[in-house]
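A.B. asks: Compute the structure for the input listed below.
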Amino acid sequence: MPAPISTSQRSPRQLRRAGTTAFLTAALAGSLLAPGLAPPADAAAVAARALHVAAAQSGAPYQWGASGPYRFDCSGLTFYAFRAAGRRLPRTAAAQYARSRHISAASRTPGDLVFFHTGRYVYHVGFYAGHNKIWHAPHTGARVRLERIWTHAVWYGRIA
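C.D. replies: Numbers count the residues shown, from 1 in each chain. Just a heads-up that it's a prediction; the model follows:
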């Protein structure tokens, strides 16, 4: 049996993926240990798979209108991740918001969608990752990344 690879021998991508896996495991475990706050089992499993797929795209470049597998815009990332997890979503952020079950910030769990809005206009979407952070494809020139939610002008939705 080969010797395990030490942390110093791992590539930056391997370390990033290991960190992502550890973060997702901790975030999902924390949400599932609070009875009553977790979504139904099937929806939670699909959301967890979709969140894992989205996080695995870390570093992929943003491209307006792209829905993977190598480039994404915000709604393209959520579309791609849920499709890989076995759920079909509409393609745009506004249509995804209309399709989701709207939930409060207190009810959000990792894998729920975070919709950014101005008035009634939804302009951006990402995956809630726990600890007030999201996985998203932010804008032209950026890459898929984990980032703190920077505004209170958000709505939350759950895909059943």
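
A.B. asks: mind listing what's buried in the biggest strand by length in the chain?
C.D. replies: The longest strand of the chain (DSSP state E) is strand 121-130. Burial within strand 121-130, assessed by neighbour count using 16 or more other CB atoms under 10 Å, is assigned to 122, 124-130. Glycine gets a C-beta too; all of them are placed from N, C-alpha and C.

A.B. asks: any chance of these in TSV, with pLDDT too?
C.D. replies: Listed next are the buried residues of strand 121-130 as TSV, based on pLDDT from 0 to 100:
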residue	pLDDT
Val122	98
His124	98
Val125	98
Gly126	98
Phe127	98
Tyr128	98
Ala129	98
Gly130	97
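
A.B. asks: Which one of those residues is nearest to Tyr80?
C.D. replies: Nearest to Tyr80, judged by CB to CB, of the buried residues of strand 121-130 is Phe127 at 11.3 Å.

A.B. asks: Who are the packing partners of the helix or strand where Tyr97 lies?
C.D. replies: Assigned by DSSP states H and E, Tyr97 belongs to helix 93-99. Helix 93-99 sits against helix 74-84, strand 113-118, strand 121-130, strand 154-158, with contacts defined as 3 or more CB pairs under 8 Å, 6 or more residues apart in numbering; DSSP states H and E.

A.B. asks: what angle separates the first one from strand 154-158?
C.D. replies: Computed by axes from the mean of the first three to the mean of the last three CA atoms, to 10 degrees, the angle separating helix 74-84 from strand 154-158 equals 20 degrees.

A.B. asks: Now helix 74-84 - C-alpha only, CSV.
C.D. replies: Extracted as CSV, the C-alpha positions of helix 74-84 are listed here (Å, rounded to 0.1, in the frame of the first residue of the first chain):
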residue,chain,number,x,y,z
CYS,A,74,-24.4,32.7,-11.7
SER,A,75,-27.6,31.0,-12.7
GLY,A,76,-25.6,28.7,-15.0
LEU,A,77,-23.7,27.4,-12.0
THR,A,78,-27.0,26.7,-10.0
PHE,A,79,-28.6,25.2,-13.2
TYR,A,80,-25.6,22.9,-13.8
ALA,A,81,-25.2,21.8,-10.1
PHE,A,82,-28.9,20.9,-9.6
ARG,A,83,-29.0,19.1,-13.0
ALA,A,84,-26.0,17.0,-11.9
